[in-house]
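Participant: I would like the atomic coordinates for the input below:
(one chain, ligands or ions: 1)
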Amino acid sequence: MNAVAKNDPVCYTSPVPHSFYVHIPYCRSKCRYCGFNSVPAGDNSILESYTRALVAEIRSARPVKLDTFSDTVYFGGGTPSILSPQQLGEILAALRGLAPAAAGAELTVECNPETLDPAQLAGLRRLGFNRLSLGVQSFDDALLALMGRPHDTARAAESFSLARAAGFANIGLDLIFALPGQTLDGWRRDLDRAIALGPEHLSLYALTYEPNSEFGILNAEGKIERVPEDVEADMYLAAIETAAAAGYGHYEVSNFARPGYRSRHNLNYWDCGDYLGFGAGAHSHLGGRRWANVTDPMEYVKKAEHGESARGFEETLTRGQRLFEAVLLGLRMTEGIDLAAFTARWGAPPRSLSPEQWRRLERGGLIVEESGRARLSRRGLLLADGVLARLAPESDGRSSP
Ligand code: SF4
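Facilitator: Model prediction:
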């Protein structure tokens, strides 16, 4: 196949994005809680077709400024490490053709333990990946089996050691809490096991019951026993306290890092920065314009084979939408929002988004303004999703500015 999108080639002027995202929607199998855009990979021919489609899409994006560079590249999924180093190398070469990586650029690849061995890890290092995000999710074999994960605890620990041996000095671990049947003590043991490995970064998420997942369906039918809300809250607080005691700074609702190891790629998202996404379902954001590719991997590949644009959705954000996203993302950061810088950038203070709701949240002790910053309180962090939803412009009956 030699497919280059004929329709609507993407041309970028200023501002030029410094972050690239590549979505690999394939995994060994489908986890029972998963609501992500991912499907079981099947045979290698599917991965080959997908790699060709990605390369075609990236080559069809034509930056105007050829001397631009990329600060962060993030391969997410799905399970990007299911691709061979050869396939990943072809995609990276296409990205470098679009914009060379800056010296010191952060190149992250999401990996799952069942896909890692010394040869794969050496290949990832040779390609220039310098940050590895490892989907461990739990150190309890019974819970891993319940979740439908294809690895066990021993494999997770082994893959971490192999990654260190291969030279990865920046490794993040992903863990999930509030799993069905999980106890607070069990979660504390998971945290201890994770910290004992010594990762640079921790992403700690409460389980969400996605409607399109097997767990979500079982939950809707009342066939799964959820962890009580107060226990889930205690688990989150235990995560914050345990991570802090071990030297991990809590910098975003669900993310913790040793000094100097925050995820630069995600910081760009939370700062409402520009980025280009490639692959099935990948989103892009550039100067207030946002678009996304078709979600279905087969449809995405077919479009590439026919030389068509993969874009499935596009919009220009209104001022109200941009303000809302800036507040929403800014409050996810534990340091909160610098009020003067925010007002200078967006032309209005955060509270202008929804003044009445803001006042109520302040009175309720969920949002705190002090020392020139606005942030969620400890209780606000516990209820973050609900608090942030209440700031939507419609929630107090006002229309978008
Ligand atoms: S490995 Fe991740 S993306 Fe793949 S099915 Fe499991 S949860 Fe979903």
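Participant: From now on I want contacts and neighbour counts done on CA atoms only, so please keep to that.
Facilitator: OK.
Participant: Give me the sheet partners of the helix or strand encompassing residue 22 and which way each runs.
Facilitator: Using DSSP states H and E, residue 22 maps to strand 19-24. The strands that strand 19-24 pairs with in its sheet are strand 70-77 (parallel), strand 276-278 (parallel) (by DSSP bridges).
Participant: Quick check on residue 213: phi, psi?
Facilitator: As for residue 213, its main-chain torsions (degrees, to the nearest 10) stand at phi -110, psi 160.
Participant: For burial, what's the neighbour tally of it?
Facilitator: Using other C-alpha atoms under 10 Å, residue 213 is surrounded by 18 other residues.
Participant: wait, isn't it in contact with residue 38?
Facilitator: No. Contact criterion C-alpha atoms under 8 Å: residue 213 and residue 38 do not qualify, at 11.1 Å.
Participant: Common neighbours of the two, please.
Facilitator: Counting by C-alpha atoms under 8 Å, 6 or more residues apart in numbering, residue 213 and residue 38 have no contacts in common.
Participant: thinking again about what came up before, quick one: contacts of the strand holding residue 22?
Facilitator: The contact list for strand 19-24, computed with C-alpha under 8 Å, 6+ apart, reads 38, 70-80, 265, 268, 274-282.
Participant: repeat for stretch 266-280
Facilitator: Counting by C-alpha under 8 Å, 6+ apart, 15-25, 54, 57-58, 283-287, 292-297, 300, 310, 325-326, 329-330, 332-333 sit against stretch 266-280.
Participant: change it to 7 Å
Facilitator: With C-alpha atoms under 7 Å, 6 or more residues apart in numbering as the test, stretch 266-280 has contacts from 17-24, 54, 58, 283-287, 293-297, 300, 326, 329-330.
Participant: Could you export it as CSV, CA atoms only?
Facilitator: Taking C-alpha atoms only, stretch 266-280 is exported to CSV below (Å, rounded to 0.1, in the frame of the first residue of the first chain):
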residue,chain,number,x,y,z
ASN,A,266,0.4,15.1,30.1
LEU,A,267,1.4,18.4,31.6
ASN,A,268,0.9,19.8,28.1
TYR,A,269,-2.7,18.5,28.0
TRP,A,270,-3.5,19.9,31.4
ASP,A,271,-2.0,23.3,30.3
CYS,A,272,-4.4,23.3,27.3
GLY,A,273,-1.4,23.0,25.0
ASP,A,274,-1.4,22.0,21.3
TYR,A,275,-0.8,18.5,20.2
LEU,A,276,-1.3,16.3,17.2
GLY,A,277,-2.7,12.8,17.5
PHE,A,278,-2.4,10.0,14.9
GLY,A,279,-4.2,6.7,14.8
ALA,A,280,-7.7,5.4,15.3
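Participant: what about it, distance to the chain center?
Facilitator: From the chain centre to the centre of stretch 266-280 is a distance of 9 Å (C-alpha atoms, centre = their mean, to the nearest Å).
Participant: do stretch 257-273 as well
Facilitator: Put simply, stretch 257-273 sits 11 Å off its chain's centre (C-alpha atoms, centre = their mean).
Participant: what's the next secondary structure element after the helix or strand in which residue 125 is found?
Facilitator: Using DSSP H and E, residue 125 falls within helix 118-126. On the C-terminal side of helix 118-126, the closest following helix or strand by DSSP H and E is strand 131-137.
Participant: Now do that following strand and helix 118-126, the angle between them.
Facilitator: If you take axes from the mean of the first three to the mean of the last three C-alpha atoms, to 10 degrees, strand 131-137 sits at 140 degrees to helix 118-126.
Participant: Output strand 131-137 as CSV, restricted to C-alpha atoms.
Facilitator: Provided in CSV are the C-alpha atoms of strand 131-137 (Å, rounded to 0.1, in the frame of the first residue of the first chain):
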residue,chain,number,x,y,z
ARG,A,131,10.1,6.8,29.4
LEU,A,132,8.1,3.7,29.9
SER,A,133,4.5,3.5,31.3
LEU,A,134,3.9,0.1,32.6
GLY,A,135,0.3,-1.2,33.1
VAL,A,136,0.6,-3.3,36.2
GLN,A,137,-2.9,-2.4,37.6
